[in-house]
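Novice: Here you go, sequence then predicted model.
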There are 2 protein chains.
Amino acid sequence: MEYVLSERVKTLKPSAIREIFKYAADPEVISLSAGNPAPEAFPAKEIAEISAKIFSENPIAALQYSVTEGYSPLRQAVGSFMKEKYNIGSDDDELIITSGAQQVMDLVTKSTVNEGDTVICEAPSFIGSLNSFRSYNARLCGIPLESDGMDIECLEKALQTEKNVRFIYIIANFQNPSGVTTSIEKRRRIYELAKKYGVMILEDNPYGELRIKGEDVPSIKSFDTDGKVVYAGSFSKILAPGMRLGFVIAPKEIVQKMIVCKQGEDVHTNIWAQMVAHRFMTEYDFEGHLEMIRSVYRKKAQLCTELLDRYLVPNKISYQPIEGGLFIWCRLPEGADMTAFCKEAVKRKVCVVPGNAFLTDESEQSSCFRINFSTPTDEQLTKGIQILGTLAKEIL
Amino acid sequence: MEYVLSERVKTLKPSAIREIFKYAADPEVISLSAGNPAPEAFPAKEIAEISAKIFSENPIAALQYSVTEGYSPLRQAVGSFMKEKYNIGSDDDELIITSGAQQVMDLVTKSTVNEGDTVICEAPSFIGSLNSFRSYNARLCGIPLESDGMDIECLEKALQTEKNVRFIYIIANFQNPSGVTTSIEKRRRIYELAKKYGVMILEDNPYGELRIKGEDVPSIKSFDTDGKVVYAGSFSKILAPGMRLGFVIAPKEIVQKMIVCKQGEDVHTNIWAQMVAHRFMTEYDFEGHLEMIRSVYRKKAQLCTELLDRYLVPNKISYQPIEGGLFIWCRLPEGADMTAFCKEAVKRKVCVVPGNAFLTDESEQSSCFRINFSTPTDEQLTKGIQILGTLAKEIL
């Protein structure tokens, strides 16, 4: 039977990554394609403890309907944390809790983008966000990413020529998939351009706490004196992604509309998860936990780069050095067929994500692929990269 | 500062009910305006037990990313339950778990309604759903509700004259706010009309398990041989609303698009909640629990109608008899000023919801108000209705 579908979903399709996950489900396949946090980074014992306390002390509060804006003690805890640690959030801003940072992408687009309006993003960028923008029929305009952030000349040109640009989407820290951290100079330039051309910035920072070396770079939101930045935060990498907890800090006028949209989407976010996060942040050693996570990823990233240096670099594959996050972006030599490389890797039971999956137009060419080092065990990582090395030696 | 907002949210505002909730937050005010399940209906002890088991047996599974479609064992448990008990779901259908039934409203609209298309709904109807439709710029067309369901003549006329009708939204059991249950004859007529005019039906059934007397009426989805019905179910009234769990059973083609949209909205639903629901359905006496809930609401509804008969009916306020659900719809005599009545009630510290809040156009007149009997204690219910009775005697 033929069903009438809305224009906005007609061309919408599951992300290419999901297709790749089908291969990755084969237990014989080593998946370097996921983006899951390492299980050893979850504070499982603490969450179990808090959960037991909640149900013994006040179970009804964790089970009854709650308010759309989020659990008030958690909003306060996150607000203080972000203000004190990162100077994020002003009196003109409001903070609400969302069902993962993914919901921020959805709510911002719904609240500010008409069908056919333009969203500027980094190219490559995070597919989940791009699909969220696409689901409101936004036109995507990708700006090439350099090793220190977007190509500013291209960005300004796009702001001059694209019609009805509503916001610039940026993952400034340890970008997914490229691993790039935008320099402070470029952050300031992007902010100035947003002001000059009257557009918003959607600053998505899921990996900000996962810095494994170097110094934190101030977020764009931290110098947002003009109310131009919507800041999206996530608990997925610092607590647990299955809980679906994120937050947004943005000008009140926009957040008020996001609240009305959220009410129509899921009424409010799972309240048990919000209560757990609040108690974990305020009754446990939250900073110590973040340090533990960083040390897990520091080790994994170090192993991964050692393996890349040993097996891929000598075989013509280069990679973008990283200071944090979960991903490393690898580049094949000019003229090599990236798609063929990834397909052959799957045949040899190693799964990576082909770079074109992260472009605004998946049919464009890319010579890159993405490796994730947080999900595989050390053994899987080692074996997987060895196999990629052998493959590179044979066909590149 | 002036922000650029999308056309779809410009006129969107928080529901009138939320404004009323502000008064209801005053501890001195008796709220008959909520829609919360009774706390004594929550299986709090069992949820605590299951939660402890999950965290002792396999915490990582409850904390890691999961699939958008939902936790597979829960999908199977819900599918079997709905098929065996209600004959809902065919081989052409697919079932996915959502973040409350509210998310079904959002995803169906996103997947099938273009801006400016029409959604037909009962008048009055559930505000949360209407706001979800509005948030995609759907045109709402309300069909007057009679004591046995929509006015069928009006419905057919609307189907003939309204442009681009995409679906008919119906709460067939114990409708919110009216308490009306649509008769089997009207259910069949509505289904035939949907086929005749080539539109879908969105059958929302949050209260189906809350029948306190009479016989179940087959759902429209149970005789959906032509793939015309999207069925929305909820755990909010039978387990706990704070967990935000719902599901949809609908033709695969539509569900596939809903999955892609859900991926862009919240990736997946809180996995702990899904695991708890699965174990509660399969390891505990689920039917016994539903019977317990019905007995809670049977008692509360009985008390409420006794109070209405005693204090309101003699003072010119009539009400719609109910067979289940959480609400009773009260009607003022012709010519009475409903808004003034509700405002004066608030001054006397009793909160009910004015009927116009449930209309497609809130500025229309209504002579009704909604009472909820699930949230207040017996004492609050008694005192609240006594006060309304005194008020009715004085001003009607």
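Specialist: Received it, and whenever you're ready, just let me know what you need.

Novice: okay, CA-based contacts and neighbour counts for the rest of this
Specialist: Noted.

Novice: Now find how far off-centre stretch A:75-83 is within its chain.
Specialist: Relative to its parent chain, stretch A:75-83 has a centroid offset of 20 Å by Cα atoms, centre = their mean, to the nearest Å.

Novice: Quick check: buried residues in that stretch?
Specialist: A:75, A:77-79, A:82 (16 or more other Cα atoms under 10 Å in any protein chain shown).

Novice: Closest one to chain B out of these, please.
Specialist: A:Arg75 (17.0 Å; Cα to the nearest Cα).

Novice: Give me the three-state assignment for the closest one.
Specialist: The three-state label given to A:Arg75 by DSSP: H, G, I helix; E, B strand; the rest coil is helix.

Novice: Check A:Leu159 too.
Specialist: Put simply, A:Leu159 is helix when judged by three-state DSSP.

Novice: mind listing what it touches?
Specialist: Contacts for A:Leu159 (Cα atoms under 8 Å, 6 or more residues apart in numbering or on different chains) come out as A:165, A:197.

Novice: Enumerate the residues of the stretch 51-200 of chain A near chain B.
Specialist: Where proximity means Cα under 8 Å from any Cα of the partner chain, the interface of the stretch 51-200 of chain A facing chain B comprises A:51-52, A:55-56, A:59-60, A:62-66, A:99-103, A:105-106, A:110-114, A:128-129, A:131-132, A:135, A:166.

Novice: And the buried ones among the residues you listed, selectable in ChimeraX?
Specialist: A single ChimeraX command suffices to select whichever of these are buried according to 16+ other Cα under 10 Å:
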select /A:51,52,55,59,60,62,63,64,65,66,99,100,101,102,103,105,106,110,111,112,113,114,128,129,131,132,135,166
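
Novice: Just the ones of the residues of the stretch 51-200 of chain A next to chain B in helices?
Specialist: Secondary structure assignment (DSSP state H) places A:51-52, A:55-56, A:59-60, A:62-63, A:101-103, A:105-106, A:110-112, A:128-129, A:131-132 from these within helices.

Novice: Let me know the distance separating A:Leu308 from A:Asn315.
Specialist: Taken as Cα to Cα, to the nearest Å, the spacing of A:Leu308 relative to A:Asn315 amounts to 10 Å.

Novice: Any buried residues in the top helix by length along chain A, and which?
Specialist: Of all the segments of type helix in chain A, defined by DSSP H, the longest one is helix A:286-307. For helix A:286-307, a neighbour-count test (16+ other Cα under 10 Å) marks A:289-290, A:293-298, A:300-301, A:303-305, A:307 as buried.

Novice: Tell me which helix or strand comes right after that helix.
Specialist: Scanning forward in sequence from helix A:286-307, with DSSP states H and E defining helices and strands, the next element found is strand A:318-319.

Novice: Show me the helices in the stretch 151-300 of chain A, by range?
Specialist: A:152-161, A:184-197, A:252-266, A:271-283, A:286-307 (DSSP state H, counting those that start in this stretch).

Novice: okay if I get the ones you listed as a markdown table plus mean pLDDT?
Specialist: Supplementary listing: those in a markdown table, determined by pLDDT from 0 to 100:
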| stretch | mean pLDDT |
| --- | --- |
| helix A:152-161 | 98 |
| helix A:184-197 | 98 |
| helix A:252-266 | 96 |
| helix A:271-283 | 98 |
| helix A:286-307 | 98 |
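
Novice: For B:Ile254, find the nearest of these.
Specialist: With Cα to Cα, the closest approach to B:Ile254 among the helices of the stretch 151-300 of chain A belongs to helix A:252-266: 17.7 Å.

Novice: Now do the closest one against helix B:127-134, angle only.
Specialist: 110 degrees (axes from the mean of the first three to the mean of the last three Cα atoms, to 10 degrees).

Novice: when you scan helix A:252-266, is anything in it near chain B?
Specialist: Yes. Counting by Cα under 8 Å from any Cα, chain B has neighbours in helix A:252-266: A:253-254, A:257, A:260-261, A:263-266.

Novice: which among the residues you listed end up buried?
Specialist: Those of the residues of helix A:252-266 next to chain B that meet the buried threshold are A:253-254, A:257, A:260-261, A:263-266, by 16+ other Cα under 10 Å.

Novice: Now do the phi/psi pair for A:Pro206.
Specialist: For A:Pro206, the backbone dihedrals are phi -70, psi -20 (criterion: degrees, to the nearest 10).

Novice: Assess the claim that it and A:Leu239 are in contact.
Specialist: No. Contact criterion Cα atoms under 8 Å: A:Pro206 and A:Leu239 do not qualify, at 11.5 Å.
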